[in-house]
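Chemist: okay, sequence plus prediction incoming.
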Amino acid sequence: MTDAIKPLSRGATLALAVFALLAGQLAALLALTWWYGRSLGHLPDFSGDGAAITLIIGVSTPVEVALLTVFARRTGAGAAAYLGLIWPRRGEVAFGVAAMVVMIVAGNLLSWLVGRSLVTPFQIDIYTTASAGGWLLWLWLAIAVFTPIGEEILFRGFLFRGWLQQPRDAWAVIVITSLLWAFIHVQYDWYVIAQIFIFGLLLGWMRWATGSTMLTILLHALINTEGMLETLVDLKWLS
């Protein structure tokens with residue numbers, strides 16, 4: 001789906017998106033140095049620390065979204081319209097949720113058939129460390145709310161709008177944004193990254209078909225919430 005909004009050039013879109021992403025990460029790193037009272041060069045490895053991951057997401061996402069909103073407004077269009085932040089129709093929500101549930105079930109079934117655990121070590125690590133440190137509620141909020149908002153506004157909002165210059169660009173943009181979205185999940189192995197890419201294709205198609213990034217935020221939140229629930233079940237009843 002396309003509309004009358006004139007997007008930024010593809011090059012400007014990429015440059016501004018990278019700037020917003022890096023600015024958010026830098027702000028998060030500075031927050032970590034303040035929280036832990038250490039310089040950047042002496043920060044420990046936070047890759048599996050639930051409290052640190054929560055802090056990174058909680059700081060980087062608002063910075064990133066604020067910058068993308070400013071960039072969107074500079075085009076002359078309203079930020080909400082430019083980023084696709086419009087409410088979908090009820091039928092679109094129902095179809096999207098049903099399609100995502102089917103995808104989740106199919107992915108879980110495939111993982112079971114090939115002998116893969118449904119819960120990754122990264123999920124276990126951040127959940128257990130956040131729980132031990134009293135950060136579990138905030139981790140849920142970061143994963144189920146903040147992450148979908150930030151990633152969808154970046155990939156299916158800002159990048160999607162700027163790269164979809166012509167209707168014929170649709171599938172190329174869907175595939176490229178899905179690949180980029182998958183590749184930022186460096187905490188996972190190739191199998192999980194491949195699954196994320198496939199989920200991205202569905203999210204990208206829903207963004208194109210409905211024009212709504214709000215819908216993809218909702219569906220992304222569904223994916224992440226299901227992942228957190230799987231982690232809870234694994235830790236409480238299957239371990």
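Modeler: Sure, I can see it.
Chemist: next one: the residue nearest in space to the middle of the chain from Arg89, what distance?
Modeler: Compute the mean C-alpha point of the chain, and by C-alpha atoms, centre = their mean the closest residue is Glu151, 3.3 Å away. From Glu151 over to Arg89 the distance is 23 Å, taken as C-beta to C-beta, to the nearest Å. To be clear about C-beta, it is placed using only N, CA and C from the backbone, and glycine gets the same treatment.
Chemist: again, but for Ala130
Modeler: Computed as C-beta to C-beta, the Ala130 to Arg89 distance reads 36 Å.
Chemist: higher neighbour count, those two?
Modeler: Between Ala130 and Arg89, counting by other C-beta atoms under 10 Å, Ala130 is the more crowded of the two (23 against 11).
Chemist: now do the helix or strand encompassing Glu230: distance to the chain's middle.
Modeler: Glu230 belongs to helix 213-233 when assigned by DSSP states H and E. Computed by C-alpha atoms, centre = their mean, to the nearest Å, the chain-centroid distance of helix 213-233 equals 10 Å.
Chemist: sort out which residues of it are buried, please.
Modeler: The neighbour-count criterion (16 or more other C-beta atoms under 10 Å) identifies 213-224, 226-228, 230-232 as the buried residues of helix 213-233.
Chemist: same for that helix, what does it pack against?
Modeler: Other helices and strands packing on helix 213-233, by 3 or more C-beta pairs under 8 Å, 6 or more residues apart in numbering; DSSP states H and E, are helix 90-113, helix 121-132, helix 147-152, helix 190-210.
Chemist: state the mean pLDDT of stretch 199-209.
Modeler: The average of the pLDDT scores along stretch 199-209 is 97.
Chemist: need the longest helix for the protein.
Modeler: Secondary structure of the chain per DSSP state H: the longest helix is helix 10-36.
Chemist: need the winner for burial among the helices and strands packed on helix 213-233.
Modeler: Mean neighbour count (mean count of other C-beta atoms under 10 Å) peaks for helix 147-152 among the helices and strands packed on helix 213-233, with a mean of 23.
Chemist: may I have it exported as CSV, CA atoms only?
Modeler: Only the C-alpha atoms of helix 147-152 are listed here, as CSV (Å, rounded to 0.1, in the frame of the first residue of the first chain):
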residue,chain,number,x,y,z
THR,A,147,11.4,-3.5,22.0
PRO,A,148,8.4,-3.9,19.6
ILE,A,149,7.9,-0.1,19.6
GLY,A,150,11.5,0.7,18.9
GLU,A,151,12.2,-1.9,16.3
GLU,A,152,9.0,-1.6,14.4
